[in-house]
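Enquirer: Turn this into a structure:
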Amino acid sequence: MIQNFEQLLQAATAIQGKRVLVIFPNNEETYSAIFDAVKIHLAHFILVGDEKNIAEKISEAGFSLSQFEIIHAATISASLKLSIELIAAGKADILMKGGVDTSTMMKAVLREDAGVRSQRLLSDIFVLEFPQRIDNRFVMITDGGMTLAPDLKNKVELINNAVEVAHALGNSQPKVAVLSATEFVVPSLQSTLDAAALAKMNERGQIKGCIVDGPFALDNAISPEAAEEKQLKSSVAGQAEILVAANIESANSLAKSTTYFAGLRLAHVIVGGVVPVLIPSRADKSDAKLLSIALGILMSRYYEENG
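Expert: Numbers count the residues shown, from 1 in each chain. Sure thing, here's the model as predicted:
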């Protein structure tokens with residue numbers, strides 16, 4: 001089982017031949033991640049954008065143009081259109097955001113005729129390293145990037161997507177905590193009702209490949225001490241490896257707080273489409289982008305092996 005980011009990079013580097021298509025690369029952090037990835041032979045990059053500017057960046061960094069595939073598109077909109085067409089035609093394995101705005105990119109990806117989405121819900125899975133844990137340090141958070149206000153049906157799909165990422169990392173039975181503001185079922189708080197229903201669905205085999213419980217507040221989901229203090233009888237309590245938030249605001253804020261308050265490393269990937277999709281924030285450091293590329297490579301192999 002892959003248990004930390006160093007192991008993730010090693011595993012991704014061992015997977016050769018994956019093609020990452022980058023839509024209009026135009027900022028230093030994106031180029032830095034691409035160049036770092038090329039240095040360790042992580043992937044082959046297809047850069048769709050202004051050919052002259054891309055060539056200048058590559059040359060300035062001391063790389064050969066022959067190490068990349070450059071496809072000219074003069075504008076962001078032209079780059080986005082062409083990139084979607086290339087993905088739909090099977091010309092790349094992973095789609096990565098460059099200078100295009102996330103909402104504009106995802107509108108294009110989600111179009112029914114784009115050929116990128118499947119019949120599944122697309123969701124963004126954040127993966128962070130929780131240093132207090134001795135064994136598997138990965139904790140996943142969903143969904144901080146796609147599903148605005150998931151209902152019960154959506155949350156089943158969010159769990160299934162996150163579990164797929166966990167399985168790709170070698171964790172065959174991840175522990176899933178459905179979060180709320182409390183560990184008690186409160187009739188007037190819908191997130192607690194959803195959590196209880198999801199736990200029962202898992203118990204009866206409607207959600208497979210994981211252990212689901214909830215509701216949990218964040219502390220008793222990830223802290224064994226907090227779970228023990230509140231005398232929670234659950235194999236998930238204090239040991240959660242996947243956190244399912246109530247809505248996009250709480251998931252996004254929780255994920256970003258781990259970086260900006262705690263300084264933890266972070267990767268994330270959108271799953272549920274025909275290829276993994278990477279939407280790193282423009283504010284993300286090159287390390288987060290590099291780790292996201294590695295995660296995308298692992299998911300691409302998982303898709304290849306599991307249909």
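Enquirer: can I assume residue 172 is in contact with residue 208?
Expert: No - using Cβ atoms under 8 Å, residue 172 makes no contact with residue 208, being 11.2 Å away. From N, CA and C alone the C-beta is placed, and that goes for glycine too.
Enquirer: just so I have it, where are all the helices in the stretch 101-250 of the chain?
Expert: Under the criterion DSSP state H, counting those that start in this stretch, the stretch 101-250 of the chain carries helices at the ranges 102-110, 152-168, 190-203, 218-222, 224-229, 248-260.
Enquirer: Report the distance from the third one to the chain centre.
Expert: Here helix 190-203 shows a centroid-to-chain-centroid distance of 23 Å under the convention Cα atoms, centre = their mean, to the nearest Å.
Enquirer: quick one: buried residues of it?
Expert: 191-199, 201-202 (16 or more other Cβ atoms under 10 Å).
Enquirer: got it, and the shortest one?
Expert: Taking 16+ other Cβ under 10 Å as the neighbour-count basis, helix 218-222 is seen to contain the buried residues 218, 220-222.
Enquirer: if we can go back for a sec, out of the buried residues of helix 190-203, the closest to residue 111 would be?
Expert: residue 194 (29.4 Å; Cβ to Cβ).
Enquirer: before we move on, the earlier item: looking at the helices of the stretch 101-250 of the chain, which is nearest to residue 297?
Expert: Of these, the one closest to residue 297 (Cβ to Cβ) turns out to be helix 152-168, at 10.1 Å.
Enquirer: So what angle separates the directions of the closest one and helix 190-203?
Expert: Per axes from the mean of the first three to the mean of the last three Cα atoms, to 10 degrees, the angle that helix 152-168 makes with helix 190-203 is 60 degrees.
Enquirer: outside of helix 152-168, which residues touch it?
Expert: Helix 152-168 has contacts (Cβ atoms under 8 Å, 6 or more residues apart in numbering) with 120-121, 123, 125, 127, 138, 140, 142-143, 147, 150, 174, 176, 178, 194, 197-198, 201, 206-207, 209-210, 212, 241-242, 244, 269, 271-272, 295, 298-299, 301-302.
Enquirer: So which of these are in strands?
Expert: 123, 125, 127, 138, 140, 142, 176, 178, 212, 242, 244, 269, 271 (DSSP state E).
Enquirer: Tell me what the second one is bridged to.
Expert: If I follow you right, that is residue 125. residue 269 (DSSP bridges).
Enquirer: Low-confidence regions, the protein specifically.
Expert: 283 (pLDDT under 70).
Enquirer: need the contact list for the residue nearest the centre of it.
Expert: For the chain, residue 269 is the residue whose C-alpha lies nearest the centre (Cα atoms, centre = their mean; 2.2 Å). Neighbour list for residue 269: 124-125, 127, 165, 276-278, 292, 295-296, 299 [criterion: Cβ under 8 Å, 6+ apart].
Enquirer: Would you mind measuring from it to residue 67?
Expert: Plainly put, residue 269 is 24 Å away from residue 67 if you go by Cβ to Cβ, to the nearest Å.
Enquirer: again, but for residue 81
Expert: Separation of residue 81 from residue 67 (Cβ to Cβ): 26 Å.
Enquirer: before we move on, what about residue 45?
Expert: Counting by Cβ to Cβ - residue 45 and residue 67 are separated by 8 Å.
Enquirer: With neighbour count added, can I get the contacts of residue 269 in a markdown table?
Expert: What follows is the contacts of residue 269, written out as a markdown table (neighbours: other Cβ atoms under 10 Å):
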| residue | neighbour count |
| --- | --- |
| 124 | 28 |
| 125 | 30 |
| 127 | 25 |
| 165 | 25 |
| 276 | 29 |
| 277 | 26 |
| 278 | 24 |
| 292 | 25 |
| 295 | 27 |
| 296 | 27 |
| 299 | 25 |
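Enquirer: and which of the residues you listed is nearest to residue 99?
Expert: residue 278 (13.7 Å).
Enquirer: quick one: the closest one and residue 100 touch, right?
Expert: No - the pair residue 278 / residue 100 is not scored as a contact, 12.0 Å apart, by Cβ under 8 Å.
Enquirer: List the contacts of residue 203.
Expert: No residues are in contact with residue 203 under the rule Cβ under 8 Å, 6+ apart.
Enquirer: Swap in 10 Å and give it another go.
Expert: 211-213 (Cβ atoms under 10 Å, 6 or more residues apart in numbering).
Enquirer: just to revisit the earlier point, ok, residue 81 and residue 67, which is more surrounded?
Expert: Neighbours were counted for residue 81 and for residue 67 using other Cβ atoms under 10 Å; residue 81 has more, 16 against 11.
Enquirer: ok, and the closest non-adjacent residue to that one?
Expert: residue 108 (7.4 Å; Cβ to Cβ, 6 or more residues apart in numbering).
Enquirer: neighbours around the one you found, how many?
Expert: 17.
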